[in-house]
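Student: Coordinates for the following, if possible.
(one chain, ligands or ions: 1)
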Amino acid sequence: MLALVAALVFVVCTALLSASIQADSGQYLAVIGLGSQRELGNLASRGLNIVHSNADLLVAICSKLQISQLGQAGIQFDLLQPLGEDTSPYLIYDGAALESSCSLDTANAYPYAEDAYIAQLRVDQAEALAIAGADLVRLSRAIPWPLDVATPMRRASVLPSVSVESLAQAVSPTLLIHHVCKLQDRDALGYCNELGTRYSFASAGLNEAAAYLYSAYTSYGLQVTYDPFVFNSMPMTNVVAELMGSTGSREHVVILSAHYDSISPQPYDAAPGADDNASGVAAVLEVARLLSEQSFPCTIRFINFAGEEQGLIGSAHYAEQAYRRGDMIDGVINLDMIAYESLPPGDHLVDIHAGTDPRSVLLADELVASISSLEEAIHELPLLVPQVITAGATWRSDHGSFWARGFPAVLGSEDMDDLNPNYHSTRDTRSRIRPQLMVEFTKAALVTIARLASRSYAPTPTPTSAPTPTLTATPWRLYLNLVRPLGW
Ligand SMILES: [Zn+2]
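Tutor: The predicted structure follows:
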């Protein structure tokens, strides 16, 4: 079933090869073939430290004992190198970067999916790969398995009586572009210059950006907190702004997120990251501005993550904390690169990566429904053409950290088959993006988040013998308390 070692891709950096074998930690990475999802459950019950799974493969960190047990049970698996004490397993998207980066002393990479490899990397190797253009997902923490699936979300059955589509019309293209400019420029060099950097592996530009975000959310009257963490001795922070639900409870939470770090081949000089991902951050800011004047039953969190370009580090930190707190996250809409398509007029195709969790698929359906209702309410021609990706969805942005913790989440992005040729380069600038796509994506995100947060819930029953009470969602009901008339 699985091709054994023959499928390994060797990176020819022989001078450094010997350094790649770290002290044996007694643990091994195994890629295990899955005959069925039931088999996955059986494996999880063996206490395997599962770090990733897709439709037919599973990656786990195993002890020698577990490896022999797998063999005795007749389960097919490929064994990768022993885990080093200073390395972590990563998913690496972009084999070209992997093969061209001779700063690596990684000996091999395992072809895991159509466009992804698995290898263990030290942090400096991850940095070299990221600079070479790869997208990384660090797989250092166990996925909770079996996933703790809550009550499936209900589909919206009726259109809201108060038009969130009208509210979406207040999305300001000028403000969106202003945010992109502020995030890509370097202070004191003039507005919207292209020499700023929010380099993921360095503090200065990141701190400046975080302060900008903190101050913007504060000016909208939201409760803002830094969510600090340390990775590879470098302090970083997510920025979290919260609009508390009108019930005064944080029980049900919806999240709109976008990472704010960036990268390029000359990351200390310029990593403007206009499309990747000032565009997504601008959308989150603008939705926050408009929704902060409304009231919803559910709590909304607007989050900007650090460390995405290092392998989803900031979102992994946040999702882990949310999982440990027992946050009831009804859905995460993560925006990453929403402002590019080639050749005007363009086909307006956009991706919604949902994966196969039915709750995430339903979330994607809601985003599609919001796009449709916006078009019906306002436009005659489709301004976004969404394509929902289930099997084969990518993990290469922060939604993956929520999937890994069992939370429903989707990624909204430009069409990955028409990827921005400037991304991860010094050319990813305001002058090279397509603002209209960002404007329409922002409207769609606003409508979707408003609808998700508008659901009201029956009071939580008092727990009896059952440890986890069942929450019953009522049918969708809009609950906007408008504080100013619509139609401006
Ligand atoms: Zn990105």
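
Student: Quick one: name the residues of this structure near the ion.
Tutor: Taking C-beta under 5 Å from the ion as the contact definition, the chain meets the ion at 276-277, 336. Any C-beta I mention is one placed from the backbone N, CA and C, and that applies to glycine too.

Student: From those, which land in strands?
Tutor: Secondary structure defined by DSSP state E assigns none of the residues of the chain next to the ion to strands.

Student: List just the nearest of the residues you listed to Gln69.
Tutor: Gln69 lies nearest to Asp336 out of these, by C-beta to C-beta, at 39.3 Å.

Student: which one is that closest one nearest to, not counting chain neighbours?
Tutor: Ser397 (4.1 Å; C-beta to C-beta, 6 or more residues apart in numbering).

Student: Run through the strands of the stretch 1-150 of the chain in chain order.
Tutor: 9-10, 27-33, 49-53, 57-63, 77-82, 88-93, 108-113, 116-121, 135-138 (DSSP state E, counting those that start in this stretch).

Student: which residues are contacting the last one?
Tutor: It refers to strand 135-138. 52, 88-94, 126, 129-130, 309-313, 316, 395-396, 400 (C-beta atoms under 8 Å, 6 or more residues apart in numbering).

Student: out of these, which are buried?
Tutor: Buried members of the contacts of strand 135-138, scored by 16 or more other C-beta atoms under 10 Å, are 52, 88-94, 126, 129-130, 309-313, 316, 395-396, 400.

Student: could you dump the residues of the chain next to the ion to TSV with pLDDT?
Tutor: Formatted as TSV, the residues of the chain next to the ion follow (pLDDT from 0 to 100):
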residue	pLDDT
Asp276	97
Asn277	97
Asp336	98
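
Student: so Ile371 touches Leu384, yeah?
Tutor: Yes. With contacts counted by C-beta atoms under 8 Å, Ile371 reaches Leu384, the gap being 5.1 Å.

Student: Touching both of these two, which residues are there?
Tutor: What both Ile371 and Leu384 touch, as defined by C-beta under 8 Å, 6+ apart, is the set 440, 444.

Student: Show me the residue sitting in the middle of the protein in space.
Tutor: Asp398 (1.8 Å; C-alpha atoms, centre = their mean).

Student: So what's the predicted local confidence for that residue?
Tutor: The score at Asp398 is 98. That number is its pLDDT.

Student: In a markdown table: the strands of the stretch 1-150 of the chain, plus distance to Ser431 and mean pLDDT.
Tutor: What follows is these, written out as a markdown table (distance: least, C-beta to C-beta, whole Å; pLDDT from 0 to 100):
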| stretch | distance to Ser431 | mean pLDDT |
| --- | --- | --- |
| strand 9-10 | 37 | 32 |
| strand 27-33 | 43 | 86 |
| strand 49-53 | 38 | 83 |
| strand 57-63 | 41 | 85 |
| strand 77-82 | 44 | 84 |
| strand 88-93 | 27 | 89 |
| strand 108-113 | 35 | 80 |
| strand 116-121 | 32 | 87 |
| strand 135-138 | 24 | 91 |
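
Student: Tabulate those strands in a markdown table, adding columns for distance to Asn422.
Tutor: Shown next, in a markdown table, are the strands of the stretch 1-150 of the chain (distance: least, C-beta to C-beta, whole Å):
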| stretch | distance to Asn422 |
| --- | --- |
| strand 9-10 | 27 |
| strand 27-33 | 34 |
| strand 49-53 | 29 |
| strand 57-63 | 32 |
| strand 77-82 | 34 |
| strand 88-93 | 17 |
| strand 108-113 | 25 |
| strand 116-121 | 22 |
| strand 135-138 | 15 |
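
Student: The residue sitting furthest away from the middle of the chain and the ion: what is the separation?
Tutor: Relative to the centre of the chain, the most outlying C-alpha is that of Gln72, 37.9 Å out, by C-alpha atoms, centre = their mean. Here the criterion is C-beta to the ion, to the nearest Å. By it, Gln72 lies 43 Å from the ion.

Student: and what of Thr426?
Tutor: For Thr426, the distance to the ion - C-beta to the ion - is 16 Å.

Student: now Leu70
Tutor: Counting by C-beta to the ion, the gap from Leu70 to the ion is 36 Å.

Student: Count the residues that sit near that residue.
Tutor: 20 (other C-beta atoms under 10 Å).

Student: that older thread, which ones are touching the residue nearest to the centre of the chain?
Tutor: Asp398 touches 257-259, 305, 308, 312, 314-315, 334, 336, counting by C-beta under 8 Å, 6+ apart.
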